[in-house]
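# Prediction below, plus the sequence it came from.
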Amino acid sequence: MDKFELQNRTKRVAISVIGLSKKFPLSQEGKIITNQIIRSATSVASNYRAACRAKSAKDFISKMGIVEEECDETIFWLELIEELKMVNENDELLNIKKEANEILSITVASIKTVKNKL
C-alpha cells in the first residue's frame with residue numbers, strides 16, 4: 001500500500017465518522033461525543049498527511065505516534081458509541097471500527113519498521 005492509498009483511507013474514515021455523527025442524539029452527551037470523535041478521526045487523517053511530509057525518520061516516527069494516539073482514541077469513541085447504543089446503524093459503526101483498527105495496525109507496523117531501520 002502506498003502513502004496515497006493510506007491518505008485516502010484515513011480521510012474516508014474521517015468522512016464516515018462525520019456522517020455517522022449526524023445520527024447521534026442531540027443530548028449533551030451526544031454533542032460532547034460528536035465533538036470528540038470528529039476531532040480525533042480528522043486528526044488521524046491530517047496528521048498522517050503531515051507524517052508523509054516528515055523531514056527525517058525521527059520526525060516521521062513522532063508524527064506517526066500522534067496518528068497512533070488519535071486512531072486509538074477514535075476507536076475508543078466508536079466502542080463507547082456502540083456500548084451506549086447511540087445509533088441503530090450497527091453495520092456502519094462496525095465497518096468504521098474495523099477500518100480504524102486496520103489503520104491503527106498499519107500505523108504501529110510503520111513505526112516499528114522505521115525504528116528498526118534507525
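Structure received. Residues are numbered from 1 along each chain as shown.
# which ones are touching Ala45?
7, 10-11, 13-14 (CB atoms under 8 Å, 6 or more residues apart in numbering). Every C-beta, even on glycine, is put in place using the N, C-alpha and C of the backbone.
# Who wins on neighbours among those?
Neighbour tally across the contacts of Ala45 (other CB atoms under 10 Å): the maximum, 27 neighbours, falls on Thr10.
# What sits closest to it if chain neighbours are left out?
Among residues not flanking Thr10 along the chain, Ala45 sits closest, at 4.0 Å (CB to CB, 6 or more residues apart in numbering).
# ok, back up a step: reformat the contacts of Ala45 as a markdown table; add secondary structure, distance to Glu83 and pLDDT.
Converted to a markdown table, the contacts of Ala45 look like this (DSSP: H, G, I helix; E, B strand; the rest coil; distance: CB to CB, whole Å; pLDDT from 0 to 100):
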| residue | secondary structure | distance to Glu83 | pLDDT |
| --- | --- | --- | --- |
| Gln7 | helix | 30 | 98 |
| Thr10 | helix | 24 | 98 |
| Lys11 | helix | 27 | 98 |
| Val13 | helix | 20 | 98 |
| Ala14 | helix | 22 | 98 |
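# Thanks again, I'm all set now.
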